[in-house]
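Asks: Provided below are the primary sequence and the corresponding predicted coordinates.
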There are 2 protein chains.
Amino acid sequence: MTDPTLSLRRRQLLAGGAGALAGTGLIGLAGEAAAQAAAPAASAAATGARPLPAYVAWKDPNAVIVHSATTIETKRSAFGTSGITPAENLYIRNNLPAPDASIVANRDAWQVSIEGVRNPRTLTVADLKTIGIETVATVLQCSGNGRGYFPSKPSGTPWAVGAAGCVLWSGVPLRYVVEALGGVAPGMVFLTGTGGEKLPENVDPLSVMVERSVPVKALADAMLAWEMNGAPLSLAHGGPLRLVVPGYNGVNNIKYVKRVAFTPVESQAKIMTTGYRITPPGEQSKASEPSVQELNVKSFVTGPAGDRTVKAGVVYVTGVAFSAGAPIRRVEVSSDGGRTWIDASFVGPDLGRFAWRQFAMPLRMAAGNYVVVSRATDSAGNVQPEQRLENAHGYSNNSWKDPAVMLSVV
Amino acid sequence: MTDPTLSLRRRQLLAGGAGALAGTGLIGLAGEAAAQAAAPAASAAATGARPLPAYVAWKDPNAVIVHSATTIETKRSAFGTSGITPAENLYIRNNLPAPDASIVANRDAWQVSIEGVRNPRTLTVADLKTIGIETVATVLQCSGNGRGYFPSKPSGTPWAVGAAGCVLWSGVPLRYVVEALGGVAPGMVFLTGTGGEKLPENVDPLSVMVERSVPVKALADAMLAWEMNGAPLSLAHGGPLRLVVPGYNGVNNIKYVKRVAFTPVESQAKIMTTGYRITPPGEQSKASEPSVQELNVKSFVTGPAGDRTVKAGVVYVTGVAFSAGAPIRRVEVSSDGGRTWIDASFVGPDLGRFAWRQFAMPLRMAAGNYVVVSRATDSAGNVQPEQRLENAHGYSNNSWKDPAVMLSVV
């Protein structure tokens, strides 16, 4: 049950040549034109079929579920198997409305203040482009991804699996910038990024501003990115400049970043102090609770995921697996809800330890109902758990059981 | 002059810390909003600024040069440094108008006839999806890329560097399909793909049909792809199904593929018999001449490439390098037109031997005029030549000299 290669399994399945192929029933996987259903818990939000807001009018309306103007989910059936999520399919979760598009009219002029270094300075994107360049693929995932599966129905967007994607970022490693400015100042233990959103008036800025702190160790991989997937970073995804913190939850990847500061304490913005905390169900959030920082090990099935009724025969189960940066070592697939497992094979190039790995597993399925799930293990030994960690706001759901795909094979 | 890492060089450049940074002049690289000039030889075609044709209305008009409805070039300044070319920036070169969009309305129903195997059969895309799945990044390049640099002004689109891109394909390896159908029939030495374009009436089909043959050895890597860069393959790029032949020139990657045949002889279509041949200047093409098949080793500079006037200081020279499948071992950069060279560093993940590698090289430039070029060497020992091979139709230009970027540093 644990053949190392897809090819081997495929040979077994097709051992009889064309005859065996005929015997598979030649199933038709769901085309993208078919009606797409989100996970049951999240489907209510999708039934309205809201139109795309103007600032993301370029997104593929067939690939996404518009929850609101600032929360847009990738359909499970739209992830494909290429490893990279195209910009037009990538989810959106903005804590504040996007700034005016004028900020991307002259991208190189955008300024970011670098503080908490020996020689603080404000640099333009043009300046940054003289300091260094690197390209890294990372998983971007909203910490609320999977909230839709919490039976407690926490407030917030009821994401199923699609508040996540894997994209290529290009920009300058932040450590090069810091080095050019003399290094981190003594005593600094957090890396704090501040977003350039326009804040609503007549409210305490700390109550609304997007400012997050991560441990200073994140400097090792952080970058200031101006490009995503080979194109200038769109306004919707944080252009002209975004702080990318590989291996950390989406909220820490600050859009329109206007300030990067090394600080002795965490940001006092509400989004940091009490927001995005793992709070026991029914309680108020406190700054002493764990913050949503590094990603946990996770995988989910992405196909078949459109039309959940498929023909008997060979069915390729596909999906993605990722962690906080430890390479994914193993993905298991089950078609009986986790009673029995079989190792899946990886598909496509390894885009690096912060990217997700695509997996695929051919299963020969007779008529019946199946509960298809996947379970990832990373090279640090972290195993995706069966159960979510219950918490008040529905964060960090990496249960393998929750995102099960119910398949009806006929 | 040949430090192994970008980081080391960067340290040298920035040895004085913030002071040294200030000393660089903080140059501004060209923003994408700046006017973009194609290579001189190709710029005439761009000045008209033709609108995008309807079937590719989703392309980024700022990233491409529309030569005609079926020939669209990526601007050199639009390649970015992420390694992958997004669909909206990718070049178009269609030998015939794209078929009606109805063929992508029900993708899984598209049929391809597999012939020259022991058990020939027509399969749908749905069938193919039960046979296997793989994802591969490949360079797609029109064999006429660089034609604009030929002083002989061959007929055909005067491409500069932008009839090329690197994309991720996902689909089924063709060898799995062939295996399922009993293997290649005896005596077959070519792999022939036929496009599903609608042919003009009242002409000999052989004179216009898109049908190409490659040596059967290409079966080792060929695939039938239904996805590009994580999205269903667009009509413009050959959806619903394309024959992808990694390492071979674009024309061999048959769009809307309706027939894959293993054959004892090459296709008798004109596009094969006398088209795409390396013909001596001034002569008529003959079937005995070499056909445009495997890619040759090549690189070109992609940045700075918008506004060619930059400020004195550190300038990052970026570009791409690729071959027919032997990994790129070395890329050298010169700012004096090839008199002196320095080894560049690679940037970003290695997407596999058929992908291109991004490179980057920081150069400290004083005021003056520079001729920036790059030269690639692959692991098979192939070195990009200085001169193009002169030929009647302007194919296979891999000269390192031709695509030089003239930089004015002020």
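Replies: Arrived safely, thanks for sending.
Asks: surely A:K401 and A:Q384 touch.
Replies: No. The pair A:K401 and A:Q384 fails to qualify as a contact (C-beta atoms under 8 Å) at a distance of 9.7 Å. (Glycine included, C-beta is placed from N, CA and C.)
Asks: on the three-state scheme, A:V251 is what?
Replies: Secondary structure assignment for A:V251 (DSSP: H, G, I helix; E, B strand; the rest coil): helix.
Asks: what about it, distance to A:V167?
Replies: Relative to A:V167, A:V251 is positioned 16 Å away (criterion: C-beta to C-beta, to the nearest Å).
Asks: the strands in the stretch 1-150 of chain A, which residues?
Replies: Under the criterion DSSP state E, counting those that start in this stretch, strands of the stretch 1-150 of chain A are mapped to A:64-68, A:71-74, A:92-93, A:111-115, A:121-124, A:134-141.
Asks: other SSEs contacting the fourth one?
Replies: Judged by 3 or more C-beta pairs under 8 Å, 6 or more residues apart in numbering or on different chains; DSSP states H and E, strand A:111-115 is in contact with strand A:121-124, strand A:257-263.
Asks: most tightly packed of these?
Replies: The highest mean neighbour count among these belongs to strand A:257-263 (a mean of 21), with neighbours defined as mean count of other C-beta atoms under 10 Å in any protein chain shown.
Asks: how far away from the center of its chain is stretch A:285-302?
Replies: 12 Å (C-alpha atoms, centre = their mean, to the nearest Å).
Asks: average pLDDT for that stretch?
Replies: This predicted structure assigns stretch A:285-302 an average pLDDT of 97.
Asks: alpha carbons only: can I get that stretch in PDB?
Replies: Output for stretch A:285-302, consisting of C-alpha atoms alone and laid out as PDB, is shown next (Å, rounded to 0.1, in the frame of the first residue of the first chain):
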ATOM      1  CA  SER A 285      -9.000  37.300  23.800                       C
ATOM      2  CA  LYS A 286      -6.000  38.300  25.800                       C
ATOM      3  CA  ALA A 287      -2.500  39.300  24.800                       C
ATOM      4  CA  SER A 288      -1.100  36.500  26.900                       C
ATOM      5  CA  GLU A 289      -2.600  33.900  24.600                       C
ATOM      6  CA  PRO A 290      -0.600  32.400  21.700                       C
ATOM      7  CA  SER A 291      -0.600  34.600  18.600                       C
ATOM      8  CA  VAL A 292      -1.300  33.200  15.100                       C
ATOM      9  CA  GLN A 293       2.300  33.100  13.800                       C
ATOM     10  CA  GLU A 294       3.900  30.200  12.100                       C
ATOM     11  CA  LEU A 295       1.800  27.900   9.900                       C
ATOM     12  CA  ASN A 296       1.100  24.500  11.100                       C
ATOM     13  CA  VAL A 297       1.400  21.300   9.000                       C
ATOM     14  CA  LYS A 298      -1.500  20.900   6.800                       C
ATOM     15  CA  SER A 299      -2.800  19.300   3.600                       C
ATOM     16  CA  PHE A 300      -6.100  19.100   1.800                       C
ATOM     17  CA  VAL A 301      -7.600  17.400  -1.200                       C
ATOM     18  CA  THR A 302      -8.200  19.700  -4.300                       C
END
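Asks: pretty sure A:S408 sits against A:K311.
Replies: No. Here A:S408 does not reach A:K311: they are 10.4 Å apart, not a contact under C-beta under 8 Å.
Asks: thanks again, I'm all set now.
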